[in-house]
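Asks: sequence first, then the predicted structure, then my questions.
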Amino acid sequence: MLGVYADLPWSYAAGAGIALAAAHQLRGARHTVPSPPAVTSGAPSARTAEPPASAAPSTRPTATTGSSTPSTRPAGIIGSSAPSARPAVLTGSSATFARSAVEGPPVGRAPRVTGAAGGRHFALAMAYSVLIFVPASLFVAHRYPQWATAQHEDALSREALAWLGAAEVALTAAGFLVARALLVAGRIRWAVCQVILGCLLLCLAVVHGRDGDGWKRFLSSDRDDYARFPRFLHVADIGPIAGHVAGFLTSGLAVVLYTTGAVVLGTLGVVMGLLHQFGLTDAGADGPGPLRAALVAAVVGGGALVLAVLVSALVSGVGWVALAAVLPVLWLAVAARGAFATVVITDLGLPAEHDPAV
């Protein structure tokens with residue numbers, strides 16, 4: 001939808017985002033399980049507190065006197081004149097059923113969703129990719145091949161389009177499964193980083209591209225339009241550049257992008273929003289409402305765009321060697337404990353890392 005080079009990281013980020021939105025369902029919703037009732041060894045069990053009717057005093061004559069004096073020993077209990085103090089012991093399947101009924105899920109956790117590739121959340125991510133994202137991406141790439149390939153190709157064959165669709169589906173599955181594995185392992189921060197990484201690569205593809213002119217190519221509908229893009233040499237060149245951008249934003253291609261973008265991004269927002277709100281409800285967790293969660297998602301996307309602009313400026317000015325200095329800074333600002341990813345976890349009410357119930 002945003003071109004071949006941007007749609008691939010979008011696919012990965014979408015799969016990871018759907019898994020992250022279902023973090024409470026995949027990780028396990030938090031609730032308190034009441035502890036089983038304590039059983040005192042010296043007290044009679046509930047099953048033997050009252051003798052059954054069959055335990056009434058026997059009127060059978062005794063062996064020594066032959067009289068019919070009633071016996072005070074309950075029938076069926078040998079060697080004791082009092083009810084047994086030992087609780088009944090269940091074995092086999094009855095014991096397993098009773099133990100699961102008393103213990104329930106581990107304390108602080110709800111039952112996990114089993115089956116990474118067979119769960120309904122994975123199926124939902126695949127349905128979004130196959131039914132929504134891939135058709136929109138292939139439609140734009142087929143109709144506007146020069147723009148979709150950043151003016152590097154004149155046309156895309158059916159085989160190339162098939163490979164593109166397969167790659168997008170595979171990346172959506174990979175993003176979901178990687179994020180899910182991290183969630184189950186309690187690495188919530190790293191699961192968030194999967195979404196941030198996908199958004200950052202998407203923005204880099206749009207802003208920088210293969211040759212540093214990504215944003216110019218993105219705002220040019222075809223190869224001829226890119227060749228006419230005004231050069232920025234003086235402040236006065238801002239006017240012609242703004243005119244070129246306005247012409248692109250009102251073109252037929254832009255209208256197609258607005259339409260497909262509304263469908264693709266809107267569907268993804270609805271899916272992630274519903275999963276996130278259902279997870280908070282099931283977990284009984286305190287989290288943001290849909291509007292605030294959407295604002296957090298917008299901040300993540302905006303932050304990735306700002307980072308992409310800064311990285312592009314550094315690479316254009318210094319070269320790719322600038323990444324040696326950029327990567328440690330990105331680690332400290334985004335992925336380190338207490339950094340941006342941790343703030344996102346707190347703001348969205350996601351499960352805490354390294355749950356002690358694991």
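Replies: The structure has been received and is ready for your questions. Numbers count the residues shown, from 1 in each chain.

Asks: isn't Cys199 up against Ala13?
Replies: Yes. Taking C-beta atoms under 8 Å as the definition, Cys199 is a contact partner of Ala13 at 5.4 Å. No exception for glycine: its C-beta is placed from N, CA and C like everyone else's.

Asks: the two: which is more packed in?
Replies: In terms of neighbours (other C-beta atoms under 10 Å), Ala13 is the more surrounded of Cys199 and Ala13; the figures are 28 against 25.

Asks: which elements pack onto the helix or strand the more buried one falls within?
Replies: Using DSSP states H and E, the element containing Ala13 is helix 4-21. In this structure, helix 4-21 packs against helix 120-128, helix 134-143, helix 158-184, helix 188-207, helix 252-283, with contacts taken as 3 or more C-beta pairs under 8 Å, 6 or more residues apart in numbering; DSSP states H and E.

Asks: would you mind finding the most buried of the ones you listed?
Replies: The highest average neighbour count among these, using mean count of other C-beta atoms under 10 Å, belongs to helix 188-207 at a mean of 23.

Asks: export that one as CSV, just CAs?
Replies: Extracted in CSV, the C-alpha atoms of helix 188-207 (Å, rounded to 0.1, in the frame of the first residue of the first chain):
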residue,chain,number,x,y,z
ILE,A,188,7.1,-8.0,27.1
ARG,A,189,9.6,-5.2,26.4
TRP,A,190,11.1,-7.1,23.5
ALA,A,191,7.6,-7.8,22.1
VAL,A,192,7.0,-4.1,22.1
CYS,A,193,10.3,-3.6,20.3
GLN,A,194,9.2,-5.8,17.5
VAL,A,195,6.4,-3.3,16.7
ILE,A,196,8.7,-0.4,17.1
LEU,A,197,11.3,-2.0,14.9
GLY,A,198,8.8,-2.7,12.1
CYS,A,199,7.5,0.9,12.3
LEU,A,200,11.1,2.3,12.2
LEU,A,201,12.0,0.2,9.1
LEU,A,202,8.8,1.3,7.4
CYS,A,203,9.6,5.0,8.0
LEU,A,204,13.2,4.5,6.9
ALA,A,205,12.0,3.0,3.6
VAL,A,206,9.8,6.0,3.1
VAL,A,207,12.1,8.7,4.3
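
Asks: residues in contact with whichever helix or strand comes after that helix?
Replies: Remark: after helix 188-207, the chain's next helix or strand is helix 214-218, criterion DSSP H and E. For helix 214-218, the external contacting residues (C-beta atoms under 8 Å, 6 or more residues apart in numbering) are 2-3, 150-151, 204-209, 226, 229, 312.

Asks: kindly report the same for stretch 318-335.
Replies: Residues from elsewhere that reach stretch 318-335, judged by C-beta under 8 Å, 6+ apart: 189-190, 193, 196, 307, 311, 314-315, 339-341.

Asks: redo those as CSV? Include distance to Leu183.
Replies: As requested, those are arranged in CSV below (distance: C-beta to C-beta, whole Å):
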residue, distance to Leu183
Arg189, 11
Trp190, 9
Cys193, 12
Ile196, 15
Leu307, 24
Val311, 28
Leu314, 33
Val315, 33
Ala339, 19
Phe340, 18
Ala341, 13
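
Asks: and those, which two are the farthest apart?
Replies: The largest separation in those, counting by C-beta to C-beta, is between Arg189 and Val315 at 26.7 Å.

Asks: low-confidence stretches in the stretch 251-358 of the chain?
Replies: Applying pLDDT under 70 to the stretch 251-358 of the chain flags the ranges 354-358.

Asks: on that earlier part again, helix or strand right after the helix holding Ala13?
Replies: Per DSSP H and E, helix 4-21 leads on to helix 23-27 as the next helix or strand towards the C-terminus.

Asks: pLDDT averaged over that following helix, what's the number?
Replies: Across helix 23-27, the average pLDDT comes to 89.

Asks: how about it: buried residues?
Replies: For helix 23-27, the neighbour count (16 or more other C-beta atoms under 10 Å) marks 23-27 as buried.

Asks: can I get those residues in CSV with distance to Leu138?
Replies: Compiled in CSV, the buried residues of helix 23-27 are given as follows (distance: C-beta to C-beta, whole Å):
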residue, distance to Leu138
Ala23, 30
His24, 34
Gln25, 31
Leu26, 30
Arg27, 34
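
Asks: tell me the one of these nearest Gly284?
Replies: Proximity of the buried residues of helix 23-27 to Gly284 was ranked by C-beta to C-beta; the top entry is His24 with 9.6 Å.

Asks: wait, doesn't the closest one sit right on Leu348?
Replies: No. The pair His24 and Leu348 does not pass the contact test of C-beta under 8 Å, sitting 10.3 Å apart.

Asks: check the residue lying closest to Gly17 once chain neighbours are set aside and give its pLDDT.
Replies: Leaving aside its chain neighbours, Gly17 sits nearest to Val195 (5.0 Å; criterion: C-beta to C-beta, 6 or more residues apart in numbering). According to the model's per-residue confidence, Val195 sits at a pLDDT of 97.

Asks: cool, Pro83 as well?
Replies: 46.

Asks: what of Phe248?
Replies: Predicted confidence (pLDDT) for Phe248: 96.

Asks: for the host helix or strand of it, output the C-alpha coordinates as PDB.
Replies: Assessed by DSSP H and E, Phe248 sits inside helix 238-249. As requested, C-alpha coordinates have been extracted for helix 238-249 and formatted as PDB (Å, rounded to 0.1, in the frame of the first residue of the first chain):
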ATOM      1  CA  ILE A 238      10.600  25.900  -0.700                       C
ATOM      2  CA  GLY A 239       7.700  27.300  -2.800                       C
ATOM      3  CA  PRO A 240       8.300  25.000  -5.800                       C
ATOM      4  CA  ILE A 241       8.800  22.000  -3.500                       C
ATOM      5  CA  ALA A 242       5.500  22.700  -1.700                       C
ATOM      6  CA  GLY A 243       3.800  23.000  -5.100                       C
ATOM      7  CA  HIS A 244       5.100  19.600  -6.100                       C
ATOM      8  CA  VAL A 245       4.000  18.000  -2.900                       C
ATOM      9  CA  ALA A 246       0.500  19.600  -3.200                       C
ATOM     10  CA  GLY A 247       0.200  18.300  -6.700                       C
ATOM     11  CA  PHE A 248       1.000  14.700  -5.500                       C
ATOM     12  CA  LEU A 249      -1.400  14.900  -2.600                       C
END
